[in-house]
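K.L.:
sharing a model that was predicted from the sequence below.
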Amino acid sequence: MTVAKWIFSHPGLYWSFALLLSAYYGVRGWVFQTVDVRKGLENAPTWKRVFVWYIQDSIYNFVSSLAGFIALFILYRAQSTIVNWHDVQIGTATYFAFLGLLALLGTTGVLPRTFGRGGLLGK
């Protein structure tokens, strides 16, 4: 049994890990914003700073990470149904490449920085 088959044959363990790591990236986004002091809101009440930056960043990082784990799950399920890889059409290969990129960037916590700051698309 391969490692991938073992991991995906225990979906509860997989999703627990996915939610735990996604929660970590959400909290990481929150903490990252506390380090990045923004000009202009230094004298604003704490609840405004929390509402404007911290909550949004936490949700953004959490959703991005969870999207990566969902993409990885879909990619594994979809590729396991392929019998002959030589018969795969270009559309399916493109779909797999997109899912693979989304899974890589999402599960590593890089997805928010990649698209949010133009890292992949340019500035």
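P.N.:
Nice, I can see it. Please read these numbers as outputs of a predicted model, since none were measured by experiment.
K.L.:
run a quick neighbour tally on the residue lying closest to residue 67 once chain neighbours are set aside.
P.N.:
Computed as Cβ to Cβ, 6 or more residues apart in numbering, the closest residue to residue 67 that is not its neighbour in sequence is residue 106, at 4.9 Å. C-betas here are computed from N, CA, C, even on glycine. Summarising burial for residue 106: neighbours were counted as other Cβ atoms under 10 Å, giving 26.
K.L.:
and residue 106, how far is that from residue 112?
P.N.:
9 Å (Cβ to Cβ, to the nearest Å).
K.L.:
just checking, which helix or strand of this protein averages the lowest pLDDT?
P.N.:
Every helix and strand of the chain was ranked by mean pLDDT, DSSP states H and E. The lowest is helix 46-49, at a mean of 68.
K.L.:
below-threshold pLDDT in the chain: ranges please.
P.N.:
1, 31-45, 47-49, 51-53, 116-123 (pLDDT under 70).
K.L.:
contacts for the helix or strand harbouring residue 72?
P.N.:
Following DSSP states H and E, one finds residue 72 within helix 55-79. With Cβ atoms under 8 Å, 6 or more residues apart in numbering as the test, helix 55-79 has contacts from 4, 8, 14-15, 18-19, 21-23, 25-30, 32-33, 95-96, 99-100, 102-109, 111-112, 116.
K.L.:
cool, and stretch 104-119?
P.N.:
With Cβ under 8 Å, 6+ apart, stretch 104-119 has contacts from 18, 21, 25, 28-29, 57, 60-61, 64-69, 71-72, 102, 120-121, 123.
K.L.:
circling back to that earlier point, and the contacts of helix 55-79, which of them are buried?
P.N.:
Neighbour-count burial (16 or more other Cβ atoms under 10 Å) is assigned, among those, to 8, 14, 18, 21-22, 25-26, 28-30, 32-33, 96, 99, 102-103, 105-107, 109, 111-112.
K.L.:
ok, now how distant is residue 62 from residue 110?
P.N.:
14 Å.
K.L.:
which one of these two is surrounded by more residues?
P.N.:
residue 62 (22 against 17).
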